[in-house]
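Chemist: Generate a structure from the sequence data that follows.
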Amino acid sequence: MSTETTSVPRWSADPEAVNSPPEQPSVLAVVVTHDGRRWLRDSLVALANQSYEHIDILVVDDASTRPREEPRLKRIVKRHLRRRRWGYLRTPRPLGYGAAINWALSRVRTDADYLLFVHDDAALSLSSVAKMVERLRHEDRTAIVGPKIVSWDDPSVLEEVGMAIDRFGYPYKGLEQGEIDLGQHDRATEVFYVTSTVMLVRHEVFKRMRGFDAHLGAYSEDLDLCWRARLLGYTVRLEPGAVARHVIAMATAQRSTRFGPPRYFIRRNRLHTITKNASGLRLLTLIPFFVLLTFGEMLGFLILREPREVGNLGRALMWNLVRFPQTLGERRRVQSSRQVGDTDLSRLMVRLPSRLRVYALDQAERLEETWGRRADIVSRKTTQARVATARVKGRQVAVVVALFLLVVLGFRGFFWAPVATFGEILPFPEGATSMWRQWASPWQDAGLGSPGPAPTSFLVLGVVQFLSFGAVGFAQKLLILLLGVTAFLGATRLVSELVDRFARFATGIVYTLGAIGYAGLRDGALGALVFGAAAPFVLLSILRLVGWIRPALWSAGREVATLGLFAALSAAFVPGSLFLYLAAALLLAALRTFVGRSGTELKAVGGSVIGLALGWALLLPWSLGWLGEGGALSVLGAGAPFADFASHFNGHGMMSVVLGQTPEGPVLFGLALPILGIVAVATGAGQRRRMAIALWALIVGMGFLVTATASGILPPVVATPTEMGVLISLAFSGLAGIAVAAFRLDLPRRGFGIVQGLTVAGLAAALFLVAAGLAPTFVRGDWAPGRADSESPETSEIDQITALLKADAATEGEFRALWIGRDWAGGFATSGRPTASAFLTGPPGPELNDLFAGNPGEGTRRLNEIIDSIEAGETDRGGNLLGSFNIRFVIVDLDSRTRPWETQRDLALVRREDDFFVFQNDAALARAAVYEELPHYVAAIEEEDPALASGEPPAERAALIRESSWKYRAAPLSGPGVVFLADSNDENWTATSDGDVLDRTNSGWGNAFEVLSGEDAALELEFPRSLIDYGWLVALPLLWLFMIGAAFPSRRGEKRRAPA
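Modeler: The predicted model follows:
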């Protein structure tokens, strides 16, 4: 686009122009226009016909577009301003209103006393300029005057009579919606600011302020200018005798602008303005509250499923953060010339009751509008439901009822049984928000304790716990039910663009009742179940990004967001799932490139990688420690656990994958899957056949990974064949749906021949194998945790033990229980629960917050040494040694070596059953207490001399009350003494006595602090939370909500983006 710019305006030489008397102040009117031709003529005519004569006019074209069919803008200006001295300038690019005025005034020389700034969509009444000039002439301390603004189409409707603001810079008009002008505001009043629609400014004051703030671009530039004028000691007034009609073209979207979206610029510029102009003391409270209010708005937009608005608000905060050093420089300049304090300006600011009243009215109006839309939607949905109900036939109802009865029968061992404790399927801790509290805690209780961050899975599980109102049994059932429903819906969506409704239903049934659901529930593999529920959504997004499926209105951004959201969900429980998704994306992209499609598939892999990176980011800061010592991924391939995890894959390989036996579901059911896959390829046509080939390629690719893992070529990226088989099972389910669709849609188009016969025979054989495989599992009720392991303890046994532990905890306080024997954990070892021969729990027994227990290092090593010495018969004082770890009970299954435990003189056998023994340890130290000296139990561990552990239990001077997992407090007491905390040693634990930090003392394990002699002083023990921790607590839930909103935008947003 060419630009037209002149350094000095070309003044007209009209001989009829009348010179005003020299005593009258001169006015230079600056009209800024941008694509405003339809209103500019009226605006210029109004200026040319002003009764005030000593006025020159400069029109600044802010790089308007130039339609060829319309006359050049300069010709329009010349035609309507020939009676005045006029000039014309054109900016090289769109600068925005304030910046365009600064640019123009830097290129002209003018000795005008006053500057009149006018929008191109505003038209002044004939005497407006004269009355505003008169106001400035008679009030020396007034720097800026504005007119009364009325509607362009109906001048009886008021739009503005001066503006006020609240403490956060939000504007307040003080007018009712559609208020009629009856003269009620016809008083010359002082206001906080007038809008830039029309404003008359003293030239010397404008130069002293260095003009508008060019960084703002659009919005709030008028507020900033008036605020700075006020800080110099000047006032801003409304002149009601001056009237301007205003279209409000930008706010009503009647003109295009590069300064969008509006919410971004409005929030950005308001924060910038208050940062520059507010006093230092007020700013200390304004900025944090402004940010908190912005986060509140972001949360509201997430609930309304408007992720773009959330992004706009986030960008506004980020812009101010990046520009903060420059803003500070501007602030210093503004504040150095301040003449007025904020208290003098507060009389012109809106008080809270007025602001709340306006807010309530606005929200009531919005709710009324929303209610009307919702009523419309409800009516439409009700009609659709009636139509759908009418379509349902008796045969379909019978099929649904039969399936429901089969599920009730098959899952009776879980849904109608006590709370399960097996593998990773563990009880929720008590309370409706305990999982969230554990996630937010800087210190994790699992095992011997470890510093945060907590696994992000706690945040996810907390949602289910909250929905169940803290009912432990119901929460566990609800979790599994939600995972099953999510897996079913995801599987139906996977092939929804290619198959009919019946085939989609078949896909969902095959996937939900297939090997993942069966093996995952029986093995207690919660991670595999969550992985299985999330995988259909991730795989569908990958297929769309790579190009195997492309619906009409698909959005790459939404698919990336969906991929990231569900990848994070699965990786929160199975971190290695991200690697499997990446392998699937690379494989599918390579195959599509190989078959000669568009050639952009490898480029589309970038979208998948971005989505997976977002999934990893949603798990921060926990995901940073995956590869560290004891991290969720490092336990799979390092040290002794490697043998355990690799051994899970024995017997699995390419053959088991292709035959449907990996993961391990019902054998006959698995054999039906490759038959359905063959039918899908042989009978399907067009896109269905291509999709079937892609799914077969995914199965074979995963088969290579299984083979490489089983043979030891690759370390396992996931813990079990069930987790490795999620994508395999999903691909087979998709093939099943395509096979059914091919039978119903493609086969009738073929001529009668051998293909029809083989297809019918294949489907019949597959149906028989599915029925023969699933029927016995339903009859036996095999769909329950622990059914795959006949040697695992019954849930009732664990319930008996935990009842004993809870009863003791009610009188003795918090303690740890040591469980000896691999069978107590049940199921396969996983990254979430890498089971060993011994593990620790609290009195309630194993719970979900024990998953992904951190690695406490030295404490675990010392504890394992003590257990080994007991089982080797090297000591008979094991109780005292274990007591230093706050271990009060030891539960030993009879498959372990029970004799060494029975010989311990300081462990009392309190319960003997056929399958387990329970020992009580009366020498257990309190979790945190004050002693005269370091307990000799702890000293024995430090000196590695069990003989030092003999003797009477150390006497407590005072027990510290546990306020949370990371904070303890004791009543005032006098020294000297030692505070000992029986948690993993960490230098961040601090002890204070009346605010004075206590020195650490060497304890070998745990945390010990020396209490000095002196008067009574209150003791506190705390693991402090950093500012970064607080930041994550706020940012991570908002990030999750943002991703949910981006993945599932509102229907209104979808319609807005859809092409007309």
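
Chemist: Quickly list the domain ranges of the chain.
Modeler: Following automatic domain parsing, the chain resolves into domains at 27-259, 394-427+454-780, 795-855+887-920, 928-1024.

Chemist: Can you lay out the ones you listed as CSV showing distance to residue 442?
Modeler: Yep, even glycine has a C-beta here, placed from its N, CA and C like the rest. Listed next are those as CSV, based on distance: least, CB to CB, whole Å:
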stretch, distance to residue 442
domain 27-259, 32
domain 394-427+454-780, 9
domain 795-855+887-920, 12
domain 928-1024, 5
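
Chemist: Does the residue nearest to residue 758 when sequence neighbours are not counted lie in a helix or a strand, and which?
Modeler: Leaving aside its sequence neighbours, residue 758 sits nearest to residue 682 (CB to CB, 6 or more residues apart in numbering; 7.1 Å). If you go by DSSP states H and E, residue 682 is part of helix 667-683.

Chemist: So residue 115 belongs to a helix, correct?
Modeler: No: read with DSSP: H, G, I helix; E, B strand; the rest coil, residue 115 is strand and lies in no helix.

Chemist: what sits against it?
Modeler: For residue 115, the contacting residues are 27-28, 30, 105, 200-203, 206, by CB atoms under 8 Å, 6 or more residues apart in numbering.

Chemist: By neighbour count, which of those wins?
Modeler: Greatest neighbour count in the contacts of residue 115, by other CB atoms under 10 Å, goes to residue 200: 28 neighbours.

Chemist: Give the pairing partners of the helix or strand where that one lies; include direction for each.
Modeler: Secondary structure from DSSP H and E places residue 200 in strand 198-202. If you go by DSSP bridges, strand 198-202 pairs up with strand 114-119 (antiparallel), strand 142-151 (antiparallel).

Chemist: re the thing from before, give me the residues contacting the helix holding residue 682.
Modeler: 510, 514-515, 658-661, 688-689, 692-693, 695-696, 699, 732, 735-736, 738-739, 742-743, 746-747, 750, 755, 758-759, 762-763, 765-767, 769-770, 772-774.

Chemist: Now stretch 208-221: buried residues?
Modeler: Judged by neighbour count (16 or more other CB atoms under 10 Å), stretch 208-221 contains these buried residues: 209, 211-221.

Chemist: Next, format those residues as JSON lines and append pLDDT and distance to residue 23.
Modeler: Shown next, in JSON lines, are the buried residues of stretch 208-221 (pLDDT from 0 to 100; distance: CB to CB, whole Å):
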{"residue": "209", "pLDDT": "93", "distance to residue 23": "27"}
{"residue": "211", "pLDDT": "93", "distance to residue 23": "28"}
{"residue": "212", "pLDDT": "94", "distance to residue 23": "30"}
{"residue": "213", "pLDDT": "91", "distance to residue 23": "34"}
{"residue": "214", "pLDDT": "88", "distance to residue 23": "35"}
{"residue": "215", "pLDDT": "87", "distance to residue 23": "39"}
{"residue": "216", "pLDDT": "88", "distance to residue 23": "37"}
{"residue": "217", "pLDDT": "84", "distance to residue 23": "39"}
{"residue": "218", "pLDDT": "85", "distance to residue 23": "38"}
{"residue": "219", "pLDDT": "87", "distance to residue 23": "39"}
{"residue": "220", "pLDDT": "89", "distance to residue 23": "37"}
{"residue": "221", "pLDDT": "92", "distance to residue 23": "33"}
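
Chemist: Distance check, the closest residue to residue 802 other than its chain neighbours against residue 146.
Modeler: With sequence-adjacent residues excluded and distances taken as CB to CB, 6+ apart, residue 802 is closest to residue 845, at 3.9 Å. Distance of residue 845 to residue 146, given as CB to CB, to the nearest Å: 72 Å.

Chemist: For these two, indicate the residue with more neighbours.
Modeler: Taking other CB under 10 Å, residue 845 and residue 146 do not tie; residue 146 has more neighbours (30 against 21).

Chemist: Check the burial of residue 110 by counting its neighbours.
Modeler: Neighbours of residue 110 using other CB under 10 Å come to 15.

Chemist: Any figure for the gap between it and residue 124?
Modeler: 20 Å.

Chemist: Next: residue 823.
Modeler: Taking CB to CB as the measure, residue 823 falls 89 Å from residue 124.

Chemist: picking that back up, can you list which of the buried residues of stretch 208-221 are found in helices?
Modeler: Applying DSSP state H to the buried residues of stretch 208-221, the entries found in helices are residue 221.
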